[in-house]
Every structure is written in structure tokens, then in C-alpha cells.
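Engineer: Sequence and computational prediction follow.
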Amino acid sequence: MGVLSNLSGKDAVKIFSQFGYTLDHHTGSHMILYHENRPTLSVPKHKELAPGLLRGLIRKSGITVNDFLKAK
């Protein structure tokens, strides 16, 4: 597994979009991502995401951490 650090919420959304997620809407400081066949994700709009939070979002989406890091 790779290191999940120094990644902003905006950058995470760009990577998730490569896996078919689209930005549905904003709710406060969170960006809501929609995918037709996968769970909806709520990504905080922070300058840096905590590694545990990002790992949880990746796990919820069904993407492997290695695939996520390769798309980075």
C-alpha cells in the first residue's frame, strides 16, 4: 500500500472522477460525488485530507488503494 498524504479534497475528486464518479453537488464544505453503480461519497473540501479519511473513502468506493495511487 502506498502513502496517502498531502492530497487535497479537490485532488481526490479529480482522481475519483477517473473511476466514473461525477460531482453531484456541494453541501456546505463537502463535495458529493455520485456513481451509478457505487456508493455516493462525501469528500471534505479541505487543503489536506487525513490519510484515514481518504483510505475510508477509497474503501467505500470499492477501489483499491494501489489503483487510486496509480491514477494520482
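Structural biologist: Perfect, thanks for sending it. Residues are numbered from 1 along each chain as shown.
Engineer: mind checking how far the nearest residue to Phe19 once chain neighbours are set aside is from Ile15?
Structural biologist: The shortest distance from Phe19 to any non-neighbouring residue, by Cβ to Cβ, 6 or more residues apart in numbering, is to Ile63 (5.7 Å). C-beta coordinates here come from the backbone N, C-alpha and C atoms, glycine included. Ile63 is 9 Å from Ile15, where distance means Cβ to Cβ, to the nearest Å.
Engineer: Ok, Ile58 next?
Structural biologist: Counting by Cβ to Cβ - Ile58 and Ile15 are separated by 9 Å.
Engineer: How about the residue positioned nearest the centre of the chain, nearest residue that isn't a chain neighbour?
Structural biologist: Computing the C-alpha centroid of the chain and ranking residues by Cα atoms, centre = their mean puts Ala12 first, at 4.4 Å. Using Cβ to Cβ, 6+ apart and skipping residues adjacent in sequence, the residue nearest Ala12 is Val43, 5.5 Å away.
Engineer: Surely that neighbour is in a helix?
Structural biologist: No. Using DSSP: H, G, I helix; E, B strand; the rest coil, the assignment for Val43 is strand, not a helix.
Engineer: What does the pLDDT read for it?
Structural biologist: Predicted confidence (pLDDT) for Val43: 97.
Engineer: okay, now it: neighbour count?
Structural biologist: Other residues near Val43 number 23, with proximity taken as other Cβ atoms under 10 Å.
Engineer: can you check Phe16 too?
Structural biologist: 24.
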